[in-house]
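Trainee: Coordinates only, no sequence provided:
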């Protein structure tokens, strides 16, 4: 009878456990919406392309720079990229006191800076042709020798 009592307790316990499992499954569960927020940042970026080294022939009044000034990129809609230019006159490498001044031109206008907006940067179609203009009087007064000058382009993201 002892075994029967143990078996009965086991059956009763198994029955109670089965009812508990069934009751747990039958209990309605209320789902809550939980949100995971995702964040990222695509930084503004741009690429500047400037004209390459340009040889200026003696007595030439206007010489287009070898290539165009161009900026491409991806910036925020409220941002622009401004490129400015600073010229450093042609200096005679053989005679330190000799110089040839020049003007940097975009068409017939002096060039000092240009600005690209988001649309122009993305399209990549805005290119500026620049030229070096040397007056005939500057050529006439130039001392013999090799001259070197430069144009420094500075970029600012605003």
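Mentor: Noted; the coordinates are in hand. Keep in mind it's a predicted model, so treat the numbers as computed, not measured. Numbers count the residues shown, from 1 in each chain.
Trainee: Helices of the protein, start to end?
Mentor: 2-26, 118-123, 136-141 (DSSP state H).
Trainee: residues contacting residue 146?
Mentor: Neighbour list for residue 146: 92, 93, 94 [criterion: CB atoms under 8 Å, 6 or more residues apart in numbering]. All C-beta atoms are positioned from the backbone trio N, CA, C, and that covers glycine.
Trainee: now swap in residue 142 and tell me
Mentor: By CB under 8 Å, 6+ apart, residue 142 lies in contact with 92, 98, 100.
Trainee: Now flag whichever of the residues you listed is closest to residue 72.
Mentor: Nearest to residue 72 among these is residue 100, at 33.5 Å by CB to CB.
Trainee: hang on, the earlier thing: can you add pLDDT, neighbour count and distance to residue 146 and give the contacts of residue 142 back as CSV?
Mentor: Below are the contacts of residue 142 laid out as CSV (pLDDT from 0 to 100; neighbours: other CB atoms under 10 Å; distance: CB to CB, whole Å):
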residue, pLDDT, neighbour count, distance to residue 146
92, 96, 17, 7
98, 94, 16, 10
100, 97, 18, 11
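Trainee: Tabulate those residues in CSV, adding columns for distance to residue 69.
Mentor: Output for the contacts of residue 142, formatted as CSV (distance: CB to CB, whole Å):
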residue, distance to residue 69
92, 27
98, 29
100, 22
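Trainee: Many thanks, we can stop here.
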